[in-house]
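>>> 3D model of this:
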Amino acid sequence: MDFETALQEFLTYSAIERGSSPKTIEAYQRDLESYLAFLSKQGTKSLQAITTQDIESYIAQLDDKGYAPSSQQRALSAIRSFHSYLVSENIAQKQPAAQVPRAKQSLHLPDFLTQDEVFLLLDQPFSNDAKGLRDHAMLEVLYGCGLRVSELCGLNMASLNLDEELIRVTGKGSKERFVPIFGTAIDALRLYLHDARPFLVRPTGAKGAREAFREGAVFLSQRGTRLTRQFVHSMVQEYGSVVGLPQLHPHTLRHSLATHLLRAGADLRIVQEILGHADIATTQIYTHLDNVQLKEVYMDAHPRLGKH
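Purely as a prediction, here's the structure:
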């Protein structure tokens, strides 16, 4: 079986038999096309001929190109899944990826805003038209609920239970969770829903607008369509630049909420649930971030350091 046929059969198996999400299939295809192209360029002729050394060489090439350890590990996971499939289907007799070591993960501490910077961003003057009310609500919900951009864009009216101060969020792997929404976040969202969203709905507009109306999308473009992640990224950068926070990323608001909650004494498991982390180790990185700041304060304030 040639490389292309094997890849397509694996993608079909992953989608139908394993029920992998479209985003996972897309990532598999991207990583494995790159991997198989590398093998072909190296002169590997068949699936049976692939060795552990070939895979190690490919991962080393990713490292040379400056790929982050997380990206290298994602590629290796795709390669392992692919070769496991080949063995299970008797297309190949060996699993050459099994002995390839995981990429070393460096501790990457996420950027976050101080509480004063969050207030500066969210308390800036917003216009009172539909766009301004929508943008303000989106920023408040991104920070106040710690949502990923995809989760914000995917919100539907049926997901909102504002009487109970809860929203139902669909996260990674289509897993649902309930997230509390309080204070300025729920106030801004209610104002948008009452005074702005009715003017953005386009039930008889273009196809995308009709779909958004049928699905009950919460946040809409001025054409009535569901907002894209790219739009949200640009919007956050725009409002960040106004208050002196250039290149502000939506994920920074999520990181900021987690950091602020933990500093205020919130339980780690509660923060994990709010953010929708499958593994608590992902949430624990925010405690590392706090420890870094603790050391900086200690070094600056300690009377017996650097004063000899």
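>>> can you give me the helices for this protein?
Taking DSSP state H as the criterion, the chain carries its helices at 3-16, 22-42, 52-64, 69-88, 115-122, 130-145, 149-153, 183-195, 197-200, 207-215, 229-242, 250-263, 268-275, 280-301.
>>> out of those, which gets nearest to residue 177?
helix 268-275 (6.6 Å; CB to CB). Backbone N, C-alpha and C define where each C-beta goes, glycine included.
>>> report the rounded mean pLDDT for the closest one.
For helix 268-275, mean pLDDT rounds to 86.
>>> where does pLDDT dip in the stretch 151-300 of the chain?
The model of the stretch 151-300 of the chain has pLDDT under 70 over residues 286-300.
>>> turn the helices of the chain into JSON lines, including distance to residue 96 and mean neighbour count.
Shown next, in JSON lines, are those (distance: least, CB to CB, whole Å; neighbours: other CB atoms under 10 Å):
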{"stretch": "helix 3-16", "distance to residue 96": "14", "mean neighbour count": "16"}
{"stretch": "helix 22-42", "distance to residue 96": "11", "mean neighbour count": "16"}
{"stretch": "helix 52-64", "distance to residue 96": "5", "mean neighbour count": "16"}
{"stretch": "helix 69-88", "distance to residue 96": "6", "mean neighbour count": "18"}
{"stretch": "helix 115-122", "distance to residue 96": "49", "mean neighbour count": "16"}
{"stretch": "helix 130-145", "distance to residue 96": "43", "mean neighbour count": "23"}
{"stretch": "helix 149-153", "distance to residue 96": "34", "mean neighbour count": "20"}
{"stretch": "helix 183-195", "distance to residue 96": "50", "mean neighbour count": "18"}
{"stretch": "helix 197-200", "distance to residue 96": "53", "mean neighbour count": "16"}
{"stretch": "helix 207-215", "distance to residue 96": "44", "mean neighbour count": "16"}
{"stretch": "helix 229-242", "distance to residue 96": "36", "mean neighbour count": "16"}
{"stretch": "helix 250-263", "distance to residue 96": "35", "mean neighbour count": "21"}
{"stretch": "helix 268-275", "distance to residue 96": "36", "mean neighbour count": "17"}
{"stretch": "helix 280-301", "distance to residue 96": "29", "mean neighbour count": "13"}
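>>> to residue 163, which of those lies closest?
Proximity to residue 163 (CB to CB) singles out helix 183-195 among these, at 10.4 Å.
>>> same for the closest one, what does it pack against?
helix 130-145 (3 or more CB pairs under 8 Å, 6 or more residues apart in numbering; DSSP states H and E).
>>> please repeat the previous calculation with a cut-off of 10 Å.
helix 115-122, helix 130-145, strand 160-161, strand 166-170, helix 197-200 (3 or more CB pairs under 10 Å, 6 or more residues apart in numbering; DSSP states H and E).
>>> which of the ones you listed sits closest to residue 41?
strand 166-170 (40.0 Å).
>>> of the helices of the chain, give the one that comes closest to residue 168.
Checking the helices of the chain against residue 168 by CB to CB gives helix 149-153 as the closest, at 10.3 Å.
>>> mind saving the C-alpha coords of the closest one as PDB?
Taking C-alpha atoms only, helix 149-153 is exported to PDB below (Å, rounded to 0.1, in the frame of the first residue of the first chain):
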ATOM      1  CA  VAL A 149     -12.100  31.900  21.400                       C
ATOM      2  CA  SER A 150     -13.700  28.900  19.800                       C
ATOM      3  CA  GLU A 151     -16.000  28.500  22.800                       C
ATOM      4  CA  LEU A 152     -17.000  32.200  22.600                       C
ATOM      5  CA  CYS A 153     -17.700  32.000  18.900                       C
END
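>>> does residue 162 touch residue 188 like I think?
No - in this structure, residue 162 is not within contact of residue 188 by CB atoms under 10 Å, at 11.7 Å.
>>> for residue 275, give me its contacts.
145-148, 169, 171, 177, 179, 254-255, 257-258, 261, 282-283, 286 (CB atoms under 10 Å, 6 or more residues apart in numbering).
>>> next one: it from residue 254, what distance?
7 Å (CB to CB, to the nearest Å).
>>> could you do residue 231 as well?
Between residue 231 and residue 254 the distance is 17 Å, computed by CB to CB.
>>> before we move on, the earlier item: what residues are shared contacts of residue 275 and residue 254?
145, 146, 147, 148.
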